[in-house]
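Trainee: Pasted the sequence and its predicted model underneath.
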Amino acid sequence: MSHFPLLLLQLVAILGVSRILAALLGRIGQPPVIGEMIAGIMLGPIVFGALAPTAQAFLFAPASLSALNGLSEIGLVLFMFIVGAELRLPGGARRHLSASAMVGVLSVALPFAFGLAISPALHGNFAPDGVAFWPFALFMAASMAITAFPILARILKERRMTESPIGRLSLTSAALADVLAWIVLAFVVALISSGAGWSGFAITILGSLALAGFAFGVLRPWLGKLLARHAADGRPSTGWLAMILILVFAAAAATSALGLHAVFGAFLVGAILPRDNRLLACLIERLEYVAVIVLMPVFFALAGLNTTPDAFAGAGLGALLLIMAAAVFGKILGGAAGARMGGFGWSDALAVGALMNARALMELIVMKVGLDIGVIGNEIFTMLMVMAVVTTLMTTPLLIAFSGRRRAHAVIEPESQTSTGNPP
């Protein structure tokens with residue numbers, strides 16, 4: 001069979017399983033994206049490969065995956081662009097800014113420290129050949145520090161808590177934590193990827209800083225003026241939308257050439273767009289639905305193909321428990337400690353910590369970066385994927401347990417708020 005008909009069959013399988021599981025998970029109050037992540041695992045060697053190895057090997061033959069990889073990369077770039085465009089402080093954020101800063105910093109610093117602490121027990125058995133301890137440890141620490149701002153926002157919206165004190169504090173904290181975590185991750189990736197030693201690292205960092213400076217100092221005001229003139233209603237024409245996408249792909253190519261991942265450039269362009277909810281809604285309508293419904297499930301499926309049942313053999317189960325403990329306790333304790341220092345009671349503080357523990361597809365993006373640069377192998381990739389699914393599944397039940405079911409529905413949003421995630 002030629003690759004194109006096989007590609008179509010792959011898309012049928014990926015989208016079909018993804019939508020079925022997304023609908024099933026949605027019925028029990030979980031974000032549909034969790035079903036799509038689980039679909040990726042089920043289509044991989046752990047489930048489909050174990051139940052029907054011949055069919056799985058035929059449907060996802062390695063020689064046929066180049067087209068899927070291309071679709072996955074485009075979806076990832078578009079999704080991270082939308083995440084950058086969406087990342088903003090919620091209304092009333094200034095009232096909780098000091099508490100949010102403490103939550104944001106501690107919910108990154110504590111899991112980062114826990115990630116470093118568990119790395120000696122993981123490096124010897126699970127680091128790829130030739131990967132030194134510190135690159136591996138720094139990446140593991142960075143992977144513990146991620147919070148999924150888009151999923152957190154969607155959970156709060158579905159529980160009608162966006163305008164509550166917990167909701168505003170969590171959204172502001174997650175926005176700050178995501179910026180900090182992605183800066184840390186970019187630093188770690190630059191350090192790992194610079195094959196030319198410190199000189200290569202300096203070139204990567206200085207080039208990235210120059211790109212960010214140009215983006216915020218030149219492109220941001222230029223885009224603001226152009227969009228105010230030609231898209232005053234927040235709905236750019238096809239030509240202007242194409243221009244924005246050209247900038248997205250150019251920035252993604254630039255960060256990739258600098259030794260970082262393409263997602264950093266896409267995120268950067270989203271971050272410099274005007275903070276206009278009408279523009280964000282237009283971008284979601286025109287771009288995100290295709291990226292999320294079609295392209296991101298492809299990303300999840302390819303992630304599932306990189307998993308391995310060997311991750312749970314021998315010392316693997318103990319390693320998974322270490323990763324889970326570092327991830328869960330690091331985020332919940334870090335978030336709760338920051339909220340307590342900001343003057344919130346224990347119940348609210350633990351609810352904030354539970355929300356900061358959601359990782360979802362943001363963790364998968366980090367994992368892919370690590371796999372692409374060769375600092376982790378398939379075993380750690382599999383464990384991190386399980387951790388991403390479990391920590392996100394935990395979020396809603398823990399939020400209800402800590403904040404109370406009645407309070408979780410007590411505050412009605414005065415107006416709708418768009419959040420990156422799965423479209424209805």
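Mentor: Perfect, thanks for sending it. Numbers count the residues shown, from 1 in each chain.

Trainee: backbone phi and psi for residue 343, please?
Mentor: Main-chain dihedrals, residue 343, degrees, to the nearest 10: phi 100, psi 10.

Trainee: okay but it is in contact with residue 102, surely?
Mentor: No. With contact defined as Cβ atoms under 8 Å, residue 343 does not count as touching residue 102 (10.0 Å). Just so you know, the C-beta spots here come from the backbone N, C-alpha and C atoms, and that holds for glycine as well.

Trainee: The two: which has the busier surroundings?
Mentor: Per other Cβ atoms under 10 Å, whichever of residue 343 and residue 102 has more neighbours is residue 102, with 21 against 11.

Trainee: any idea which element the more buried one lies in?
Mentor: helix 97-126 (DSSP states H and E).

Trainee: can you check residue 175 too?
Mentor: helix 165-193.

Trainee: Show me what that helix is packed up against.
Mentor: Here helix 165-193 touches helix 97-126, helix 133-144, helix 149-158, helix 198-214, helix 262-272, helix 316-341, helix 346-356, helix 360-372, going by 3 or more Cβ pairs under 8 Å, 6 or more residues apart in numbering; DSSP states H and E.

Trainee: Which neighbouring elements make contact with the helix or strand following the fourth one?
Mentor: By that I understand helix 198-214. Remark: after helix 198-214, the chain's next helix or strand is helix 220-230, criterion DSSP H and E. Helix 220-230 is packed against helix 238-257, with contacts defined by 3+ Cβ pairs under 8 Å, 6+ apart.

Trainee: how far off helix 165-193 does the helix it packs on point, in degrees?
Mentor: Using axes from the mean of the first three to the mean of the last three Cα atoms, to 10 degrees, the direction of helix 238-257 lies 50 degrees away from that of helix 165-193.

Trainee: So what touches helix 238-257?
Mentor: Helix 238-257 has contacts (Cβ atoms under 8 Å, 6 or more residues apart in numbering) with 77-78, 81, 208, 211, 215, 219, 223, 226-227, 230-231, 236, 261-266, 268-270, 273, 286.

Trainee: from those, which would you call buried?
Mentor: Among the contacts of helix 238-257, the ones that count as buried by 16 or more other Cβ atoms under 10 Å are 77-78, 81, 208, 211, 215, 219, 223, 227, 231, 236, 261-266, 268-270, 273.

Trainee: quick one: contacts of stretch 379-389?
Mentor: Against stretch 379-389 from outside (Cβ under 8 Å, 6+ apart): 34, 37-38, 40-41, 46, 122, 126-127, 140, 143, 303-304, 306-308, 310-312, 316, 319-320, 323-324, 327, 359-361, 363-364, 366-367, 370-371, 376.

Trainee: could you give me the average pLDDT of that stretch?
Mentor: Here stretch 379-389 scores 93 as its mean pLDDT.

Trainee: mind saving the C-alpha coords of it as CSV?
Mentor: Only the C-alpha atoms of stretch 379-389 are listed here, as CSV (Å, rounded to 0.1, in the frame of the first residue of the first chain):
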residue,chain,number,x,y,z
GLU,A,379,11.6,4.5,29.1
ILE,A,380,11.6,7.9,30.7
PHE,A,381,9.4,9.3,28.0
THR,A,382,6.8,6.6,28.8
MET,A,383,7.0,7.4,32.5
LEU,A,384,6.6,11.1,32.0
MET,A,385,3.6,10.4,29.7
VAL,A,386,1.9,8.3,32.4
MET,A,387,2.7,11.1,34.9
ALA,A,388,1.2,13.7,32.7
VAL,A,389,-2.0,11.7,32.3
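
Trainee: Return the set of buried residues in it.
Mentor: Neighbour-count burial for stretch 379-389, counted by 16+ other Cβ under 10 Å, picks out 379, 380, 381, 382, 383, 384, 385, 386, 387, 388, 389.

Trainee: Distance from that stretch to the middle of the chain?
Mentor: On the basis of Cα atoms, centre = their mean, to the nearest Å, stretch 379-389 sits 13 Å off its chain's mean C-alpha point.

Trainee: Likewise for stretch 326-341?
Mentor: Centre-to-centre, stretch 326-341 and its host chain are 19 Å apart (Cα atoms, centre = their mean).

Trainee: do stretch 225-238 as well
Mentor: Distance, centroid of stretch 225-238 to centroid of chain: 29 Å (Cα atoms, centre = their mean).

Trainee: I'd like the average pLDDT over that stretch.
Mentor: On average, stretch 225-238 scores 88.

Trainee: tell me the centre residue of the chain?
Mentor: Centre of the chain computed as the mean C-alpha position; nearest residue by Cα atoms, centre = their mean is residue 362, 1.1 Å away.

Trainee: Can you read off the pLDDT for the closest residue in space to that one that isn't next to it in sequence?
Mentor: Nearest residue to residue 362, sequence neighbours excluded (Cβ to Cβ, 6 or more residues apart in numbering): residue 148, at 4.1 Å. pLDDT, residue 148: 82.

Trainee: cool, residue 16 as well?
Mentor: If you check residue 16, the pLDDT there is 94.

Trainee: For residue 342, grab the count of nearby residues.
Mentor: Residue 342 has 20 neighbours, counted by other Cβ under 10 Å.

Trainee: Model confidence for the closest residue to residue 50 other than its chain neighbours, exactly?
Mentor: Spatial nearest neighbour of residue 50, chain neighbours left out: residue 309 (6.9 Å); criterion: Cβ to Cβ, 6+ apart. Note on residue 309: pLDDT of 88.

Trainee: which ones are touching residue 309?
Mentor: Residues in contact with residue 309 (Cβ under 8 Å, 6+ apart) are 45, 46, 50.

Trainee: Count the residues that sit near the last one.
Mentor: By the criterion of other Cβ under 10 Å, residue 50 has 11 neighbours.

Trainee: Alright, that wraps it up for me.
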